[in-house]
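1. model this:
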Amino acid sequence: MVQCVSILGSTGSIGRQTLDIIDHLNISIAALTAGTNAERMAQQCRKYRPSLAVMATEDAAKALSAIICDLPTRVCWGEEGLIEAATVPEADCVITAVVGMVGMKPTLAAIRAGKRIGLANKETLVCAGELVMAEAKRYSAQIIPVDSEHSAIFQCLMGCRRKEEIKRIILTCSGGPFFGMDKDQLTKVSKADALRHPNWKMGPKITVDCATLMNKGLEVIEAMRLYDLPLEQVDVLIHRQSIVHSMVEFTDGAVMAQMGSPDMRLPIQLAMTYPQRADCPVDPLDLLTCGSLTFSEPDVDAFPCLALARACAKKGGTACPAMNGANEEAVSMFLGDEIGFYDIYYLVSKAVESVPFIADPTLEQILKADQLAREFVRREMRNK
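-> Numbering: from 1, shown residues only. I've put the predicted structure just below:
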């Protein structure tokens, strides 16, 4: 079990649930980071007394400093602050719960510092998975996934001795709030509709990604990188109940599934206790009351973002960071009521086509592809 943790994104959904587990396990905290919610960060600083607190902007950092001026906690802001929080010497684990590309450089810095990574920031592996996994191998840094699906796969593979025994990974997906709707119905959905996830309580960006099925596409790419498998060995099934979190089929036909209550605290805790397990403050799964478990194929015609993500995964290179950057911008516009539901797919697909493709990009070229895709989406909106 880890002894001291830094949490990148402590005021968000994953960050707050991580703090629940830290309370339960009595783990100390070295650093906390947040966006602009100075009030909530101040509450966390008073309770956990981290040596470092980092905010996204200078104004938010000044606001936090004014509130906690009586504490010894040092306050920083921006990307440099995030990197410092990810590399503080006393932390042996970094939970990367920030959303988006902002998590990439701090995650790489934590890897190079030899930290255990509790990875909840899927964009890092989507955009630069090959680079990240190579750095993890070089610096002997453990990457333990916090996403429920990838944690499930991680657990199913604990006893797997050889990668050659894996036939395929099966990622499960709730289908989001719009499961069963056709294209005509989906043209009329609103932001409020998209934010009503049937099973999970998550932040707005990932909840919208679940509604478009882009989230599952991102997870396909993440699984390819984490487990070094080709696209053809990563499948997706709709599982409305969110009880089977994912499965692995082996070459002999056996299928291993990880099941549990739909509560993110389970995979968060495992990331900190592995290779041990500990009592967890989550209601255990009751097989007598959880109901029937069903599975179906995703409708990629009504939800084309999943097919787009798989196409980018097959192409590789800068296609993935371009797709991810465009999606972040488009989802932000959808949440701001600037565009409709299907505009997300339209903008992302056009952005991917617009960004010059590089098959084997450097980190700088990955970041450039992300930037160009975001600029394309913003330009399209201005010209609309």
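2. you'd agree Leu306 is up against Glu219?
-> No: with contact defined as C-beta atoms under 8 Å, Leu306 does not count as touching Glu219 (10.0 Å). Where you see a C-beta, it was placed from the backbone N, CA and C, and this is true even at glycine.
3. more neighbours, the two?
-> Set Leu306 next to Glu219 and count neighbours by other C-beta atoms under 10 Å: Glu219 wins out with 29 against 22.
4. in terms of secondary structure, what does whatever helix or strand that one lives in contact?
-> Here Glu219, judged by DSSP states H and E, is contained in helix 214-227. Counting contacts by 3 or more C-beta pairs under 8 Å, 6 or more residues apart in numbering; DSSP states H and E, helix 214-227 packs against helix 122-138, strand 143-145, helix 148-156, strand 166-173, helix 204-212, strand 234-238, helix 304-315, helix 319-335.
5. pairing partners for the fourth one, with directions?
-> Looking back up the chat, that one is strand 166-173. Within its sheet, and counting by DSSP bridges, strand 166-173 is paired with strand 234-238 (parallel), strand 244-250 (antiparallel).
6. helices or strands up against the following helix or strand past that strand?
-> Next along the chain after strand 166-173, taking DSSP H and E as the criterion, comes helix 183-186. Counting contacts by 3+ C-beta pairs under 8 Å, 6+ apart, helix 183-186 packs against helix 341-354.
7. and the next helix or strand past the helix it packs on?
-> helix 363-383.
8. who are the packing partners of that following helix?
-> helix 122-138, helix 319-335, helix 341-354.
9. need the contact partners of the shortest one.
-> I take that to be helix 341-354. 183, 186-187, 189, 194, 208, 211-212, 214, 304-305, 308, 312, 319, 322-323, 325-327, 329-331, 333-334, 339, 372-373, 376-377, 380-381 (C-beta atoms under 8 Å, 6 or more residues apart in numbering).
10. what average pLDDT does that helix get?
-> The pLDDT scores in helix 341-354 average 97.
11. tell me the spacing between Ser6 and Phe334.
-> Taking C-beta to C-beta, to the nearest Å as the measure, Ser6 falls 31 Å from Phe334.
12. ok, the two, which is more surrounded?
-> Shown here are Ser6 and Phe334; by other C-beta under 10 Å, Ser6 has more neighbours (31 against 23).
13. you'd agree that one is in a helix?
-> No: counting by DSSP: H, G, I helix; E, B strand; the rest coil, Ser6 is not found in a helix; it is strand.
14. who is it paired with across the strands?
-> Ala31, Val94.
15. contact partners for it?
-> Contacts of Ser6 by C-beta under 8 Å, 6+ apart are 29-33, 85-86, 88, 91, 93-95, 110, 115.
16. repeat the analysis, applying 6 Å as the threshold.
-> Ser6 makes contact with 30-31, 85, 88, 91, 94, according to C-beta atoms under 6 Å, 6 or more residues apart in numbering.
17. now Asp209
-> Asp209 sits next to Asn215 when contact means C-beta under 6 Å, 6+ apart.
18. dump the residue contacts of the residue with the largest distance to the centre of the chain.
-> Distance to the chain centre peaks in the chain at Asp70, reaching 34.6 Å (criterion: C-alpha atoms, centre = their mean). Under the criterion of C-beta under 6 Å, 6+ apart, Asp70 has no neighbours.
19. so it is in which element?
-> Short version, using DSSP H and E: Asp70 is in no helix or strand.
20. so how far is Ala134 from it?
-> Counting by C-beta to C-beta - Asp70 and Ala134 are separated by 45 Å.
21. and if you look at Arg240?
-> For Arg240, the distance to Ala134 equals 37 Å [C-beta to C-beta].
22. between those two, which one's more packed in?
-> More neighbours surround Arg240 than the other of Arg240 and Ala134, with 20 against 12 (other C-beta under 10 Å).
23. confirm the more buried one sits in a strand?
-> No: under three-state DSSP, Arg240 sits outside any strand and is assigned coil.
24. residue contacts, it?
-> Arg240 neighbours (C-beta under 6 Å, 6+ apart): 174-175.
25. try 8 Å this time
-> For Arg240, the contacting residues are 174-175, 179, 198, 294, by C-beta under 8 Å, 6+ apart.
26. now do Ile366
-> By C-beta under 8 Å, 6+ apart, Ile366 lies in contact with 127-128, 131, 318, 321.
27. ditto for Thr11
-> 34-35, 37, 40-41, 44.
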